[in-house]
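**Student:** generate coordinates for the sequence data below:
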Amino acid sequence: MYRTTRAAIASGAGSFSIEEIEVGSPVGDEVLVEIRASGLCHTDHASLGWRRPLVMGHEGAGVVLETGPSVTSVKPGDRVVLNWAIPCGGCRQCRRGSAVLCEVSRPAHVMTPSAAHAHAEGTRWRGHPVDRSFNLGTLCGLALVRQAAVTRLETPVSFESAAIVGCGVMTGFGSAVNVARIQPGDTVAVVGCGGVGLNVIQGARIAGAARIVALDLHREALERARRFGATDVLQVEREDMELEKAAIALHRILDGGADHAFEATSIPRLAFAPLRLVRDGGQAFQVSGINDAVTVPMPLFMWNKRYSTPLYGGCVPDRDLPRIFALHASGGLLLDELVSRTYRLDELGTAFEDMLAGRLAKGVIRFDA
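**Tutor:** Numbers count the residues shown, from 1 in each chain. Down below sits the predicted model:
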């Protein structure tokens, strides 16, 4: 049986449209989810140019409508959040516990169709099968996904707040906790105080960092950063293109630089900026998913500095998502405060404009029940 719903369809050539699609009933280990909220990030905007049409969106939460015969973890009526670390369970990376690096599903390899998407005829647009972004496609009323993409919500949380955990919160929090492994007493610098950057700050605070310095162009973003755990803020000058002046100021604040520094701006020229901010032997991370070609002066790597581009905060869904929601339930991690504004699906263009202009921590598309 097929159901009809509205969806945001990326053209693959830089534009999108809101159109009707058909979504089939689940087979095998698939789950059909009625989406109630879908978070937005820069990756969704980038997906407009991924060279093929697809159902947009990769942060979502909703209610299970139907399950395939092999599904055991959820049932119709369950409230769920979606994630895109969808393991095959049998490859080398899955066996070693690195679901996000699964060699079969490879959801982050967006330029080629994935072996882990729903059955070929599961989602149809204009009479033909169409891919779902990151094997999820949450910017539509119905998502047909594999069981491994679904986590049941066990704590009281709104769909809007739950949706953003699916990528932005997980990426920031996990980069600080799972990848950098920040320890009590460490010092941290975070460049960019949007959705991902704020969750790096939250992760650093929860991990016990002694000093957390937030860097951003906008005063209002720095004010948000303090609310989420920044102990110090630096307003970057627009003409300080490579953060050279900001680095001098930060080294004074932290007496030689940060133990860990994170880039969370999606600005290509800042991809290697964290190397300027860390002390000798420190760790630098690019967590915003920059894919552009950039160059870097190699001396920035000198004196045992390490540089990494963590994927999805090292997400292991069964371990990390329940932990994040438990921290939220206890008041230790802020979620509701991250949602700056909600929109209808037909306001997606406005939502993108607000996001690109830096007006939002996180924007969320709401779907009526």
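
**Student:** hey, let's count contacts and neighbours off CA atoms from now on
**Tutor:** Will do.

**Student:** and for the residue nearest to Val100 when sequence neighbours are not counted, the neighbour number?
**Tutor:** Nearest-residue entry for Val100: Ala85, 4.6 Å, with adjacent residues in sequence omitted and distances by CA to CA, 6 or more residues apart in numbering. By the criterion of other CA atoms under 10 Å, Ala85 has 28 neighbours.

**Student:** and the residue nearest to Gly332 when sequence neighbours are not counted, how far is that from Trp84?
**Tutor:** Nearest residue to Gly332, sequence neighbours excluded (CA to CA, 6+ apart): Ile206, at 7.4 Å. Distance, Ile206 to Trp84, using CA to CA, to the nearest Å: 24 Å.

**Student:** neighbour count: those two, which is higher?
**Tutor:** Per other CA under 10 Å, whichever of Ile206 and Trp84 has more neighbours is Trp84, with 27 against 19.

**Student:** look at the more buried one and give its secondary structure.
**Tutor:** Under DSSP: H, G, I helix; E, B strand; the rest coil, Trp84 falls in the coil class.

**Student:** now swap in Asp259 and tell me
**Tutor:** Going by three-state DSSP: Asp259 is strand.

**Student:** I'd say it and Arg276 touch.
**Tutor:** No: using CA atoms under 8 Å, Asp259 makes no contact with Arg276, being 11.6 Å away.

**Student:** just to be sure, His45 is in a helix?
**Tutor:** Yes: assigned with three-state DSSP, His45 falls within a helix.

**Student:** can you read off the pLDDT for it?
**Tutor:** Looking at His45, its pLDDT stands at 92.

**Student:** A helix includes Gly203, no?
**Tutor:** Yes: assessed by three-state DSSP, Gly203 belongs to a helix.

**Student:** can you give me how far the strand or helix carrying Leu222 is from the chain middle?
**Tutor:** Using DSSP states H and E, Leu222 maps to helix 219-228. With CA atoms, centre = their mean, to the nearest Å as the basis, helix 219-228 stands 20 Å off its chain's centre.

**Student:** from the contact counts, what lies against that helix?
**Tutor:** Secondary-structure packing of helix 219-228 (3 or more CA pairs under 8 Å, 6 or more residues apart in numbering; DSSP states H and E): helix 195-207, strand 211-216, strand 232-235.

**Student:** between these, which one is closest to Val31.
**Tutor:** Nearest to Val31 among the helices and strands packed on helix 219-228 is helix 195-207; the distance by CA to CA comes to 27.9 Å.

**Student:** what is the closest one packed up against?
**Tutor:** Helix 195-207 packs on helix 170-174, strand 187-191, strand 211-216, helix 219-228, strand 258-263, going by 3+ CA pairs under 8 Å, 6+ apart.

**Student:** want to try a markdown table for those, with mean pLDDT and mean neighbour count as columns?
**Tutor:** Listed next are these as a markdown table, based on pLDDT from 0 to 100; neighbours: other CA atoms under 10 Å:
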| stretch | mean pLDDT | mean neighbour count |
| --- | --- | --- |
| helix 170-174 | 96 | 28 |
| strand 187-191 | 98 | 28 |
| strand 211-216 | 98 | 26 |
| helix 219-228 | 94 | 18 |
| strand 258-263 | 98 | 30 |
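
**Student:** in a markdown table: these, plus distance to Gly137.
**Tutor:** Shown next, in a markdown table, are these (distance: least, CA to CA, whole Å):
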| stretch | distance to Gly137 |
| --- | --- |
| helix 170-174 | 18 |
| strand 187-191 | 29 |
| strand 211-216 | 31 |
| helix 219-228 | 29 |
| strand 258-263 | 27 |
